[in-house]
Every structure is written in C-alpha cells, then in structure tokens.
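Asker: Following is a predicted model, sequence given first.
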Amino acid sequence: MNTRIKRYVMKDSVLYFFLLLAVFIVLSIIEPRAFLSKFNLQSMAFQVPEFGILALAMMITIITGGIDLSIIANANLSGIFASLVMYQYLKVAGNEPNSAVIILIITSVCMLSGLVMGFFNGILISRLKIPAILATLGTMKVFDGISTVITGGQPLRNYPPVVAKLANEAFLGIPISFFILLAVAGGMWLLMGRTKLGYTIYMFGENPLASKFSGLDNKAILLKTHIISGLLAGLGGLIMMSRFNSIKVGYGNSYQLLTVLVAIMGGVHPNGGKGKILCVFFSVLTLQCIGSGFNILGFTNYVRNIIYGTVLILVMVINFLYPLIKNKLAFQQRRKIMGSQVPA
C-alpha cells in the first residue's frame, strides 16, 4: 500500500497540483485580504481561459520539437476577421440581430481562420522544410501586417452585448469561458493520450528519424499539429475579443513569452517528445496565481519580465541537469548493489 501511494504521489500531475497549491497558500499568507478577495479570484478566473488555450496551442508544437511564434498574431487576426463578418451580418439584420447567429458567426469564423493560418504554417514547415521558428516568425509578421492594414491599427469595437457575455458572464460563479478552457483541456488530454494522432506526435517529437522508419508520415504529423495549434489560437482569439469587447493587432502580446514559459514549466521538453496536458494546465493556473500576486505586490512589467525570463532559463537548466543527475545516482546505486553481491 505504501509503495502504491508513493507511486501515485510521485506522478507528475500530482506534483504540479501540489506546486499550484503551495503557490496559492504562500500568496494567501502574504496578502490574504487582497489575494483571497472575491474580486481577485474572479479576476483570475476570467483572465486564465485565453491564456490557457494559447498555452495548449504552444505546447503541442513544442512537443514536435518546434514552436509556433504566430499564435498571438493568429488569434488577433482571427478575431478581426470574425468582427468584419459580424459587422456585415449586423448591416443585413438591421435592428433585430439574432444573438445565436452572432455567436455562431464569430465562433465559426475565428476557428476557421485560425485553422487556415495553422494550415499555412504547417505547409511551410512540413512541405517546404522551413524551420518552425523561422516559418512562424515570418507568419507572425505577415498576420500582424494584415491586421494592421485591415484595421489601420485601431481597435474594432461596438459589438452587440451578446459578444461580451461569452467571456464575461458566469455560471454558478464560474466564468463561462473557464468551462470552455476545461472542455478544450479535456479534449486535448483525450487527443494526446488516447488517440493514434497523439501517440504519433509524441513519437515524432522524440525521434523524427525513428518515426519515419516506423512507417509514419512525418509531414502529415507536422501539418496536423499546426492545424490544431492554429485552431486553438483562433479559439483564443474568440475569447479575447469577447473579454475585451474589442479586438486589435497587438492584443495579448504579453502571452508570447508566457505560453512558452508555462509549457516548459509544465514539463514539456524543449527538444520535443515529452509533455502532459494536465501538468501544463496546472502550470497555467500556477502562473496565473503568480501573476496576480505580482500585481498585488506592485511589481512592474519590467521586473516581471526579468523574473519570467529567469524562471524560463532556470527550468531549462534543470531540464538539462536532472537526467544527468538521475543517471549518475542510478549508476552509483547499481554499482553499490553489484559491490554488495561480490563475495568477501
């Protein structure tokens, strides 16, 4: 029984949950009145959904050994396209627009736009063999440029009230958008842990050459991965345009570093092949708590960026050193066992 409990406690997801709990308790002790206030807890719950969805979009590309620097630009452009299509519908509908039709329009356009942009990334990376970091850096600039040309750098707003309700209304005190995040995280958990596509993504990230000689289509794996990433980015754009009740190029730029940070913090190996949805989900909540704590303690954005960058470097150093230390300890243990078996 003790061995079974020990194995359960040592599971990565349980350890990340305890880390979240520890951060929550520490911040509650430092600033109990501010951190545990209803306003602060609800504020965190309203802010975390788009961040969590974008982090999952980043995570799946890092598992393949790549990265997607265009997810924020994708999210903004998807929201801009959705806004323009919605404006056209409002002109036709006149004074009696249908709320269900509006939600259907912005949801379908955001997700379709994100999917197309993800497909474009996938073609560049899988077919033209452009390194992911360069391909998505280029498309990030392209998407931002298109957004700027369309909007003139100005925010699109004047949405019907139903748009803001999607990310700003609550059910049983919990934001509706948080339920969307839970549904997305659950779907990604099933995809990555219970489907053939998920297994092939991990296999490709672990060893692309072995994946190829196993008969897998590496190009198709990369293409599908970036389509999923783009789809999630489009959904993140939908949540952003709803929560801010507007959309503009540059919204969510602060998430760029944080999505990489939270993925690496959540155990996703920067070289690919490793990473669990549940661990990243708990890391998203942990980082949201830390960010809220920084706001309460009055840290400036510059100080926060220094801390986030330092944490990212430390986590990567730990990821590099941990296997070496683990192998060394295992070797010493084996040598000790072998030594004890040698007769005196």
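Answerer: Sure, I can see it.

Asker: From here on, just use CA atoms for contacts and neighbour counts.
Answerer: Fine.

Asker: Give the helix, strand or coil label for His228.
Answerer: Actually, residue 228 is Ile rather than His. helix (DSSP: H, G, I helix; E, B strand; the rest coil).

Asker: Verify the contact between it and Leu115 for me.
Answerer: Yes - using C-alpha atoms under 8 Å, Ile228 is in contact with Leu115, at 7.0 Å.

Asker: which of these two has more neighbours?
Answerer: Leu115 (25 against 21; other C-alpha atoms under 10 Å).

Asker: and the more buried one, what pLDDT?
Answerer: With respect to pLDDT, Leu115 scores 96.

Asker: try the one 5 residues further on
Answerer: Predicted confidence (pLDDT) for Phe120: 97.

Asker: Show me what counts as buried in the helix or strand harbouring it.
Answerer: Following DSSP states H and E, the helix or strand that holds Phe120 is helix 99-122. Buried residues in helix 99-122, counted by 16 or more other C-alpha atoms under 10 Å: 102-103, 105-122.

Asker: Mind naming the longest helix for the protein?
Answerer: Looking across the chain with DSSP state H, the single longest helix is helix 301-341.

Asker: other SSEs contacting that helix?
Answerer: Applying 3 or more C-alpha pairs under 8 Å, 6 or more residues apart in numbering; DSSP states H and E, one finds that helix 301-341 makes contact with helix 255-265.

Asker: So which elements touch the helix it packs on?
Answerer: Using 3+ C-alpha pairs under 8 Å, 6+ apart: helix 255-265 touches helix 38-63, helix 277-297, helix 301-341.

Asker: Relative to Lys212, which of those is closest?
Answerer: In terms of C-alpha to C-alpha, the element of the helices and strands packed on helix 255-265 nearest to Lys212 is helix 38-63, at 16.5 Å.

Asker: could you give the angle of the closest one to helix 255-265?
Answerer: Interaxial angle, helix 38-63 versus helix 255-265 (axes from the mean of the first three to the mean of the last three C-alpha atoms, to 10 degrees): 70 degrees.

Asker: out of everything not next to it in sequence, what's closest to Asp12?
Answerer: Excluding its sequence neighbours, the residue lying closest to Asp12 (C-alpha to C-alpha, 6 or more residues apart in numbering) is Cys279, at 6.8 Å.

Asker: tell me which element Ile25 falls in.
Answerer: If you go by DSSP H and E, Ile25 is part of helix 12-30.

Asker: mind listing what's buried in that helix?
Answerer: 12-13, 16-17, 20, 23-24, 27-28.

Asker: from these, which has minimum pLDDT?
Answerer: Lowest in pLDDT among the buried residues of helix 12-30 is Asp12, which has 74.

Asker: what's the distance between that one and Val48?
Answerer: According to C-alpha to C-alpha, to the nearest Å, Asp12 stands 22 Å off from Val48.

Asker: do Ala164 as well
Answerer: Applying C-alpha to C-alpha to Ala164 and Val48 gives a distance of 16 Å.

Asker: got it, and Asn121?
Answerer: According to C-alpha to C-alpha, Asn121 and Val48 sit 26 Å apart.

Asker: One more: Thr259?
Answerer: Counting by C-alpha to C-alpha, the gap from Thr259 to Val48 is 12 Å.

Asker: Of those two, which one has the most company?
Answerer: Set side by side, Thr259 and Val48 show more neighbours around Thr259, with 25 against 18, by other C-alpha under 10 Å.

Asker: ok now do the nearest residue to the more buried one once chain neighbours are set aside, which residues does it touch?
Answerer: Nearest residue to Thr259 in three dimensions, chain neighbours excluded: Ala55, at 4.5 Å (C-alpha to C-alpha, 6+ apart). Applying C-alpha atoms under 8 Å, 6 or more residues apart in numbering to Ala55 gives the contacts 258-260, 262-263, 280, 284.

Asker: Look at Ala55 and report its pLDDT.
Answerer: For Ala55, pLDDT reads 94.

Asker: From what I see, Asp68 and Thr61 are in contact.
Answerer: Yes - counting by C-alpha under 8 Å, Asp68 does reach Thr61; the two are 6.3 Å apart.

Asker: Identify the contacts common to these two.
Answerer: Shared contacts of Asp68 and Thr61 (C-alpha under 8 Å, 6+ apart): Ser229.

Asker: who has more neighbours, those two?
Answerer: Between Asp68 and Thr61, Asp68 has the larger neighbour count (other C-alpha under 10 Å), namely 27 against 22.
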